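Visitor: Quick one: sequence and predicted model below, then my questions.
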Amino acid sequence: MRRAASGRIDTTDIPEVRRLKRHGPIWHAIADGMQRQGLTGHALWKLARAFCPQLPESAVYEFLADKRSVRVEYADAMLQALGVRLIAAGKRRAG
C-alpha cells in the first residue's frame, strides 16, 4: 500500500484533468460551441467554409483530435461558424 501511495498517480482516465492539460482556450471554445449546438466535425467544417472557403476538412478533424494546430484564419472561421466571439480578458479594477 505504501509503495503504491508513494508512486505516481495516473490521472489520464479523468476527463477534466486530461482536458485541462492538453487544450488551449480556442480549442475549448470551439469544442464547447460544437457540443452546445450538437454539431459534428463535418457539420462544423461545412459551416466554417462560408467564412474561409479554403479550410480543409482534415484541418478541423485533426485540430479537434489535438493532432495539429491550425492557422488563425481557420480557427476564426470555426469560431464564426459557431457564433462564438472571444474577447481579451481586461484588467480588473478593485472596488
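Guide: Okay, I see it. Numbering: from 1, shown residues only.

Visitor: Please count neighbours and contacts with C-alpha atoms only from this point.
Guide: Will do.

Visitor: Tell me how far the spatially most central residue of the chain lies from residue 80.
Guide: Taking Cα atoms, centre = their mean, the centroid of the chain lies closest to residue 27, which sits 1.7 Å from it. According to Cα to Cα, to the nearest Å, residue 27 and residue 80 sit 13 Å apart.

Visitor: can you check residue 57 too?
Guide: Residue 57 is 16 Å from residue 80, by Cα to Cα.

Visitor: Same question for residue 58.
Guide: 18 Å.

Visitor: Could you check which of the two has the larger neighbour count?
Guide: A direct count of neighbours by other Cα atoms under 10 Å for residue 58 and residue 80 places residue 80 higher, at 18 against 13.

Visitor: Could you list every helix and strand in contact with whichever strand or helix holds the more buried one?
Guide: Assessed by DSSP states H and E, residue 80 sits inside helix 72-82. When contacts are defined as 3 or more Cα pairs under 8 Å, 6 or more residues apart in numbering; DSSP states H and E, helix 72-82 packs onto helix 25-37, helix 41-48.

Visitor: ok, now with 10 Å
Guide: Based on contacts counted as 3 or more Cα pairs under 10 Å, 6 or more residues apart in numbering; DSSP states H and E, the elements that helix 72-82 packs against are helix 25-37, helix 41-48, helix 57-64.

Visitor: Now render those as a markdown table, adding distance to residue 76.
Guide: Putting these into a markdown table (distance: least, Cα to Cα, whole Å) gives the following:
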| stretch | distance to residue 76 |
| --- | --- |
| helix 25-37 | 9 |
| helix 41-48 | 9 |
| helix 57-64 | 12 |
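
Visitor: For these, give me TSV that also has distance to residue 72 and mean pLDDT.
Guide: Converted to TSV, the helices and strands packed on helix 72-82 look like this (distance: least, Cα to Cα, whole Å; pLDDT from 0 to 100):
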stretch	distance to residue 72	mean pLDDT
helix 25-37	10	93
helix 41-48	13	97
helix 57-64	12	95
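
Visitor: With that, I have no additional questions.
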